[in-house]
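Peer 1: Pasting the sequence and the predicted coordinates here, then a few questions.
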Number of protein chains: 2
Amino acid sequence: MGSTPVKRKSVLGRIRDSIDRIAAGTPARFGIYIFAGLIVLFTGLLSLPISTASGEVPPLADAVFTAVSVICVTGLSTVDMATYWSGFGHSVILLGVQIGGIGVLTVASILGLVISRKLGLRQRLLAASDANPLRIRKGVTEAQAVRLGETGSLLLTVAVSALVIEVAVALLLLPRILIEGVPLLDALYQSFYFSVMAFTNTGFLPTSEGIEPYASDIWFLGLIMVGVFLGAIGFPVIYALLRNHKEPRRWSLHVKLTLVTTLLLFVLGGFAFYLLELDNRDTFGALDPGQQILQALFLSMMTRSGGFATIDIAELNGSSLLVADMLMFIGGGSASTAGGIKVTTLAVLFLAAFAEARGNDEMESFERRVPSDVLRLGVSVVLWGATTVAAASIIILQISKAPLDHVLFDVISAFATSGLSTGLTAALPDSGQYVLAATMFMGRIGTVTLAAALAASQRRQLFRHAEERPIVG
Amino acid sequence: MGSTPVKRKSVLGRIRDSIDRIAAGTPARFGIYIFAGLIVLFTGLLSLPISTASGEVPPLADAVFTAVSVICVTGLSTVDMATYWSGFGHSVILLGVQIGGIGVLTVASILGLVISRKLGLRQRLLAASDANPLRIRKGVTEAQAVRLGETGSLLLTVAVSALVIEVAVALLLLPRILIEGVPLLDALYQSFYFSVMAFTNTGFLPTSEGIEPYASDIWFLGLIMVGVFLGAIGFPVIYALLRNHKEPRRWSLHVKLTLVTTLLLFVLGGFAFYLLELDNRDTFGALDPGQQILQALFLSMMTRSGGFATIDIAELNGSSLLVADMLMFIGGGSASTAGGIKVTTLAVLFLAAFAEARGNDEMESFERRVPSDVLRLGVSVVLWGATTVAAASIIILQISKAPLDHVLFDVISAFATSGLSTGLTAALPDSGQYVLAATMFMGRIGTVTLAAALAASQRRQLFRHAEERPIVG
Ligand SMILES: [K+]
Ligand SMILES: [K+]
């Protein structure tokens, strides 16, 4: 870099370079700044009188909560989203969800590159890290540093992929919405709205009826599930599927772990909901078996963190709520529009337990060794998640004195940006809504950037202490 | 062993040797057999007509539940313990709690020896493991194997230490009970009963009034807390304190981690309960500040897993119940009469997160390195605990349709053998009580033996796979 003479750069080039420096120096902080800035901007936009249907300035708590919910693609709301906002307001929301969704995809992908340099996106990095496994360990060395300017193409690829998927799902939704008798222009708008809300894992609804007219339609629900699934598995996986869909052998460990864990959670979750709601006539217990299975699977996929609901969440059995809590907490794939601690984090914890059970010194999966610092990272993310959820739940329980099942559900929904709600969120006082907004931010930005911040930190150890093992368990 | 001529052994010696072989071969299964056998025996004893006050044979569910609760020193009950059982029944319970408490101490200590060979009890093992840190890793080699016959002295040491502590606490409780006007013989019985129930972390009560007459007495509550604390920190720590109480520098990492974490949880828990119950007139919110602090600290210590309560648990704020859930789930020290995942397990998880945050390759604490397989063991124990609690909660929620806060509290109380109850346990149908009994067994025996089973398993790895790191978080 220093040895070759450098041409005088354009202003744009220099701006790009300085962004590169900031991002490469403190990628985690960079991500947090971007999201905080976006939330301030969208709070401002939503606070404009033209954003509301009534033409009045919305209360600050509602504007802040909606902006956070939009940018974090959570889908929780303190107002009736369909009727509260004007056409302009809805455009702002749609734009914010796209930026939030794609932004998260991109930032997370970049952070993922920095952490793992293993997305299969950059062959150079992949080769570098494969050649010498020791060098994959933390810290961004000069030669391996991901230049964000380079990843302008990454942003473009992500944005184009996202738009292609969204448009495809929207076009497939369109005929079903037209059949319902919706005029063409409205139907176009609604199908795109639904599709964007599905792929970005947000879950806001374009109309007051929402998903109600299609609540038993396997075509409509199936498409929403596909959109949510594609958004939730994460960009690295989508990319691998696009590039190597015929050669699963060439998929990276990350892709395999994400797909297997996601599908396992989807099926097990659906099975659990089916069994637990059989006796519940207020949800789908009284429907015919085909519908029961459809609804159970739909609910299971929505906890990944889709946020659409065909039933009244508050009517679910307590047992189902707890299952949903667990599924939401786990969330979706890394570098995805979904939230939670991420499916690979869960997978790594279980790989550690399997290694112990088999007496192996190494965590192994799909004929690959997983280095032990990945486990430490996973444990850190889980502790962060559990601490955030516990703190928010305790505060909101104390503020609202609401029942634990509803509080835990809405808090985990906020943390994991799931967006499903028992109705508690809208009923909370302002203080509680600010706590939930903070929980959304910490869940959305925290888990992604925490992993990056931890992985990027590096310290030379001057000496090793003597080894000693405490008893655990 | 093979080279020196062996004298013809006595029958007792041969029995001891065969027990040695079973125990050394499968120490974990050995522990499970002992406890299952004890539970069957005590179910039989409690099913005798002379065990009940009414002279009738108790229902099987109650006999099983009480036997499990006694042997696992849980303290949960499906009947009014003080009035339901006869004098003979109470003697059986007292004996069972002693065997359960001391048995767990011993079995856990032995398993701890097998796992860690680092209790500071056997200098030979300590020296052996210090000399070559690599050899500390899993698997019991011939030279290092702990001969259980040798640890007849361990059982004796544990039993004598336990009895000395129990008698000391009982003698200090006695004057306070006499002041209350209880006749001498009754007072002796009650003081010993309270003391045993405190040190074994059980929490059953000798009379219907229970702890009520002393519910605001700092002397009485303080002694109970001391008893619970000594039982909950575990025998290795007690032993270190007795032997080296003037030289904390010589304490093992395990001792230091256990004491620091226990004290931290005690103070933080007390502070949380104090703050959260300030507005609650149904517990201790209306008392004077000194009493508020005493009651908050008492409640905090009882979640370690004492099980005595001065207040109606069901009247606690939901926020306090959740704090108590977390504290109970963590539980006490390893090789102790307390339950839960154990304080050192939590400590190791946080050490991993700290190492990540500081960019260290190694987990470090008190100038010692903690090997990474301890983290895998810790993660396994936490997964086991979380899975057990989740499964039991889902089943009991489905059976009882009770509110989540009560279900979660009683299930975690059972898992962590805490014994505090919202009242749900006694109100459950038989099926639910059997689920809780299974939860107690899995929590009490599971966490202890799981760690041993995992640590003892060993597999030669024939080749190493290539390394690959999934993205987590
Ligand atoms: K969502
Ligand atoms: K107990």
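Peer 2: It's in. Numbering: from 1, shown residues only, chains lettered A, B, ... in the order given. Ligands and ions are numbered 1, 2, ... in the order given.
Peer 1: Please make it C-alpha for all contacts and neighbour counts, starting now.
Peer 2: Noted.
Peer 1: what does the average pLDDT come to for whichever strand or helix holds A:A390?
Peer 2: Assessed by DSSP states H and E, A:A390 sits inside helix A:372-400. Per-residue pLDDT over helix A:372-400 has a mean of 90.
Peer 1: same for it, what does it pack against?
Peer 2: Contacts defined by 3 or more CA pairs under 8 Å, 6 or more residues apart in numbering or on different chains; DSSP states H and E place helix A:372-400 against helix A:343-358, helix A:404-415, helix A:430-441, helix A:447-456, helix B:318-330, helix B:343-358.
Peer 1: Please identify the most buried of the ones you listed.
Peer 2: Scoring the helices and strands packed on helix A:372-400 by mean neighbour count under mean count of other CA atoms under 10 Å in any protein chain shown gives helix A:404-415 as the most buried, with a mean of 28.
Peer 1: Does ligand 1 have contacts with that helix?
Peer 2: No - contact of helix A:404-415 with ligand 1 (CA under 5 Å from the ion) is absent, the minimum separation being 8.0 Å.
Peer 1: So what touches that helix?
Peer 2: A:74, A:76, A:314, A:318, A:321-322, A:324-325, A:328-329, A:339-340, A:385, A:388-389, A:392-393, A:396-397, A:418-422, A:424-425, A:436-437, A:439-444, B:318, B:403-405 (CA atoms under 8 Å, 6 or more residues apart in numbering or on different chains).
Peer 1: How far off centre is that helix?
Peer 2: With CA atoms, centre = their mean, to the nearest Å as the basis, helix A:404-415 stands 17 Å off its chain's centre.
Peer 1: After that helix, heading C-terminal, what element do we hit next?
Peer 2: Per DSSP H and E, helix A:404-415 leads on to helix A:424-427 as the next helix or strand towards the C-terminus.
Peer 1: about what we covered before: can you state the direction angle for the helix holding A:A390 and helix B:372-400?
Peer 2: For helix A:372-400 against helix B:372-400, the angle by axes from the mean of the first three to the mean of the last three CA atoms, to 10 degrees is 40 degrees.
Peer 1: Could you list the buried residues of stretch A:61-80?
Peer 2: Judged by neighbour count using 16 or more other CA atoms under 10 Å in any protein chain shown, the buried positions of stretch A:61-80 are A:61-79.
Peer 1: For the residue nearest to A:G269 when sequence neighbours are not counted, which three-state class applies?
Peer 2: Using CA to CA, 6 or more residues apart in numbering or on different chains and skipping the chain neighbours, the partner closest in space to A:G269 is A:S300 (5.2 Å). Classification of A:S300 by DSSP: H, G, I helix; E, B strand; the rest coil places it in helix.
Peer 1: number of nearby residues for the residue nearest to A:I218 when sequence neighbours are not counted?
Peer 2: Leaving aside its chain neighbours, A:I218 sits nearest to A:L294 (7.3 Å; criterion: CA to CA, 6+ apart). Neighbourhood size, A:L294 [other CA atoms under 10 Å in any protein chain shown]: 19.
Peer 1: Helices along the stretch 101-250 of chain A, start to end?
Peer 2: Assignment of helices within the stretch 101-250 of chain A using DSSP state H, counting those that start in this stretch yields the ranges A:123-131, A:133-136, A:152-179, A:184-199, A:218-233, A:235-244.
Peer 1: Now render those helices as TSV, adding mean neighbour count and distance to ligand 1.
Peer 2: Converted to TSV, the helices of the stretch 101-250 of chain A look like this (neighbours: other CA atoms under 10 Å in any protein chain shown; distance: least, CA to the ion, whole Å):
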stretch	mean neighbour count	distance to ligand 1
helix A:123-131	16	32
helix A:133-136	16	33
helix A:152-179	18	16
helix A:184-199	22	8
helix A:218-233	23	9
helix A:235-244	19	17
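Peer 1: Please convert the ones you listed to TSV, extending it with mean pLDDT.
Peer 2: TSV is the format used below for the helices of the stretch 101-250 of chain A (pLDDT from 0 to 100):
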stretch	mean pLDDT
helix A:123-131	31
helix A:133-136	33
helix A:152-179	84
helix A:184-199	89
helix A:218-233	90
helix A:235-244	78
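Peer 1: Tell me which of those sits nearest to ligand 2.
Peer 2: With CA to the ion as the measure, helix A:218-233 is the member of these nearest ligand 2 (43.0 Å).
Peer 1: Can you name the residues in contact with the closest one?
Peer 2: A:165-166, A:169, A:172-173, A:176, A:194-195, A:198-201, A:214-215, A:238, A:258-259, A:262, A:294, A:298, A:301-302, A:304-306, A:332-334, A:336-338.
Peer 1: repeat for stretch A:163-171
Peer 2: Defining contact as CA under 8 Å, 6+ apart, one finds that stretch A:163-171 is touched by A:188, A:191-192, A:194-196, A:199, A:223-224, A:227.
Peer 1: Just give me the closest of the residues you listed to B:F350.
Peer 2: When the contacts of stretch A:163-171 are compared for distance to B:F350 (CA to CA), A:F199 wins out at 35.3 Å.
Peer 1: ok, that closest one - contacts?
Peer 2: Here A:F199 is in contact with A:162, A:165-166, A:227-232, A:337 (criterion: CA under 8 Å, 6+ apart).
Peer 1: where's stretch A:65-85 relative to the chain centroid, distance-wise?
Peer 2: So, by CA atoms, centre = their mean, the centroid of stretch A:65-85 is 16 Å from its chain's centroid.
Peer 1: Contacts (any at all) between chain B and it?
Peer 2: No - residues of stretch A:65-85 contacting chain B under CA under 8 Å from any CA of the partner chain: none, with a closest distance of 15.5 Å.
Peer 1: confidence score at A:I471?
Peer 2: Reading off the model, A:I471 has pLDDT 68.
Peer 1: Work out which residue lies at the spatial centre of chain A.
Peer 2: A:A338 (1.9 Å; CA atoms, centre = their mean).
Peer 1: so how far is ligand 2 from that residue?
Peer 2: Distance check for A:A338 against ligand 2: by CA to the ion, to the nearest Å, it reads 41 Å.
Peer 1: any idea how far that residue is from A:I99?
Peer 2: Separation of A:A338 from A:I99 (CA to CA, to the nearest Å): 14 Å.
Peer 1: Then A:V68?
Peer 2: Here A:V68 is placed at a distance of 12 Å from A:I99 (CA to CA).
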